[in-house]
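Q: coordinates only, sequence not included:
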């Protein structure tokens, strides 16, 4: 089973709202990722969690706040977003490693949450 | 920093035609290479991957890719495409000096005419 689930599928929010995106996997993976994908563009990495610790933040604005409550769950908290933040937000997971590089690591993606900011 | 180039942005083929999508990367060290596919309205799915060994790798749905180290390429091929292959295809690279981060190419949008 290589399933990553994401909720909600669609989200419409105003610029003053606070909302959260959720991602879950039960593959025993220890690395989880958030990507942003604009239409007709490749995914852009936002955050990486490795063993429940934030390991990479690709200079993402603070209005996006990730959280990894446990090894199976990854949240993305949204606050005071801008219309240009409208995009498909993808979660991925991989086996990960507690140190350095895992040469066989493979990321599996969820279906995404399509976010519209009004 | 490494980069990944997919020179074909849009490809239109008729059913049964052969497919080859180009992917080139810029990194001189050890790389792991991936092709992902995104069907309309669906999520990214792994088509195939190369870590080591035989440079010709076979994936799902009849796709294959060949790693040519001297050309820094990992082109995707399929002998005979079907209408259901209409999708966006992304090449991605993972290098050993960037943790397990993936760098994606810009994508190739394939349309197969029935």
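A: Received the coordinates, thanks. Keep in mind it's a predicted model, so treat the numbers as computed, not measured. Residues are numbered from 1 along each chain as shown, chains lettered A, B, ... in the order given.

Q: do the least confident helix or strand in chain A by mean pLDDT and chain B come into contact?
A: Here the helix or strand of chain A ranked lowest by mean pLDDT, DSSP states H and E is strand A:53-57, holding a mean of 86. Yes. Residues of strand A:53-57 are located near chain B by C-beta under 8 Å from any C-beta of the partner chain, namely A:55, A:56. Any C-beta I mention is one placed from the backbone N, CA and C, and that applies to glycine too.

Q: could you tell me the phi and psi values at the closest residue in space to residue B:43 that isn't next to it in sequence?
A: Closest residue to residue B:43 apart from its sequence neighbours, by C-beta to C-beta, 6 or more residues apart in numbering or on different chains: residue A:111 at 4.0 Å. For residue A:111, the backbone dihedrals (degrees, to the nearest 10) come out as phi -70, psi -20.

Q: chain B contacts on chain A?
A: Within chain A, the positions lying close to chain B (C-beta under 8 Å from any C-beta) are A:2, A:31, A:40-43, A:45, A:48, A:50, A:55-56, A:90, A:92, A:94, A:96-97, A:100-112.

Q: can you tell me the helix or strand for the residue minimising distance to the centre of chain A?
A: The centroid of chain A falls nearest to residue A:34 when counting by C-alpha atoms, centre = their mean (2.4 Å). Element membership for residue A:34, per DSSP states H and E: strand A:31-37.

Q: buried sites along that strand?
A: For strand A:31-37, the buried set under the neighbour-count rule, 16 or more other C-beta atoms under 10 Å in any protein chain shown, comprises A:31, A:32, A:33, A:34, A:35, A:36, A:37.
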